[in-house]
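S.K.: could you look at this predicted model? Sequence included:
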Amino acid sequence: MIGPQHYLQHPEQIELELSPLINAPSASDSSLSLGLSLHCHHYYPIGKWLRIQAPALTDELSIDARVVDCNRDGPGQYRLQLSFPDQEQLFRARMLEQLCQICIYQHQTPEEERDRRALEWIDAEAAHFPSDDL
């Protein structure tokens, strides 16, 4: 299986929930050149379909992705590389990763300044965030 040419690197500070998909997408767009790379504590075989969620950030966003590669990256650690079946799932993954970056950027800020910090990150970084020509 050939995977994406580039991967968004998920920050380790934000925990993702990975669940095997019972009903895998029927088709996959192999032309998407942007995927997602992350550390996890479980091995997933190549070709396995997963649902990704970040419950600490939002309950409303989930993403379906296919395992492109999963390699041991230390004791009890794996480097997981994922691809997306279509532009919609890639767009959702990109949005989730931007939420993660904003959350990290806001982390050391008092509660009353978090909205301002989020807007600062959007102004400074959103235009440069990888998009795979979305």
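M.R.: Looks like it arrived, so ask away.
S.K.: how about stretch 100-116: buried residues?
M.R.: 100-103, 105-106 (16 or more other Cβ atoms under 10 Å). From N, CA and C alone the C-beta is placed, and that goes for glycine too.
S.K.: restricted to helices, list the residues you listed.
M.R.: 100-103, 105-106 (DSSP state H).
S.K.: ok, back up a step: quick one: the buried residues of stretch 100-116 as JSON lines, columns for distance to Phe91 and pLDDT too.
M.R.: Listed next are these as JSON lines, based on distance: Cβ to Cβ, whole Å; pLDDT from 0 to 100:
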{"residue": "Cys100", "distance to Phe91": "15", "pLDDT": "88"}
{"residue": "Gln101", "distance to Phe91": "16", "pLDDT": "85"}
{"residue": "Ile102", "distance to Phe91": "17", "pLDDT": "81"}
{"residue": "Cys103", "distance to Phe91": "19", "pLDDT": "85"}
{"residue": "Tyr105", "distance to Phe91": "21", "pLDDT": "78"}
{"residue": "Gln106", "distance to Phe91": "23", "pLDDT": "74"}
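S.K.: quick one: average confidence on stretch 52-59?
M.R.: The average pLDDT for stretch 52-59 rounds to 89.
S.K.: what's in contact with it?
M.R.: 14-19, 36, 61-65, 82, 93, 96, 99-100, 103 (Cβ atoms under 8 Å, 6 or more residues apart in numbering).
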